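[1] here is the input, now give the coordinates:
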Amino acid sequence: QVQLVESGGGLVQAGGSLRLSCAASGRTISSYAIGWFRQPPGKEREFVAAITQSGGSTNYADSVKGRFTISRDNAKNTVYLQMNRLKPEDTAVYYCACTAFFIATTGGSYNYWGQGTQVTVSS
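    Just a heads-up that it's a prediction; the model follows:
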C-alpha cells in the first residue's frame, strides 16, 4: 500500500503561483501514474492533471492548461503541481491520487488518495 501526503497549499493573490507536492511512502512512486484533483467549495471533485509512471505523458483539464504543470521526481518519490497565474476559481482542496494502471481523468480510476491541501486564491 502507498501513502500520499500533499503539501504546499496556502493563500495567494490572483495572478500568483504555488507549487504543490505529493510525497509518497510505502512503495516507490515510479510504479504509479499520478493524478491531481480538486474540490472547490460546494462543488464536486474535478480532474486537474495527470502524469504517467515515467513522466513521459501528461494530461490537463482545459481550465488549467497553459497555467499548471505536473511533473515528477521518482528519485524523490514526489510529484509536483506547479500552478501559475492563479485565479479565484482555482480555490479548492487539492488532492493527489495514484493508480498502477493508465492515467485517467476520473477519480474512480485511482486507488490511493492523499488527505488534501487547501489552496485559496484571493481576488
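
[2] for the residue nearest in space to the middle of the chain, which non-adjacent residue is spatially closest?
    Of all residues in the chain, the one closest to the mean position by CA atoms, centre = their mean is residue 36, 2.6 Å from it. Distances taken as CB to CB, 6 or more residues apart in numbering put residue 48 closest to residue 36, at 4.3 Å, once the chain neighbours are dropped. C-betas here are computed from N, CA, C, even on glycine.

[3] kindly report the same for residue 86.
    Nearest one to residue 86, counting by CB to CB, 6+ apart, is residue 121 at 4.6 Å.

[4] wait, a strand at that neighbour?
    Yes: the assignment for residue 121 (DSSP: H, G, I helix; E, B strand; the rest coil) places it in a strand.

[5] so what's it up against?
    11-14, 16, 86-91 (CB atoms under 8 Å, 6 or more residues apart in numbering).

[6] dump those residues to TSV, plus neighbour count and distance to residue 105.
    Formatted as TSV, those follow (neighbours: other CB atoms under 10 Å; distance: CB to CB, whole Å):
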residue	neighbour count	distance to residue 105
11	12	28
12	17	25
13	10	29
14	13	26
16	14	26
86	22	21
87	14	20
88	11	23
89	11	19
90	22	18
91	18	21
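
[7] quick one on the thing from earlier: who touches whatever helix or strand the residue nearest to residue 36 lives in?
    Taking DSSP states H and E as the definition, residue 48 sits inside strand 46-51. Contacts with strand 46-51, where a contact means CB under 8 Å, 6+ apart, come from 33-40, 57-61, 64, 68-72, 79, 81, 94, 103-107.

[8] switch the cut-off to 7 Å
    33-38, 58-61, 64, 68, 70, 72, 79, 81, 103-105 (CB atoms under 7 Å, 6 or more residues apart in numbering).

[9] returning to that earlier point: can you tell me how far the residue nearest to the centre of the chain is from residue 62?
    According to CB to CB, to the nearest Å, residue 36 stands 15 Å off from residue 62.

[10] many thanks, we can stop here.
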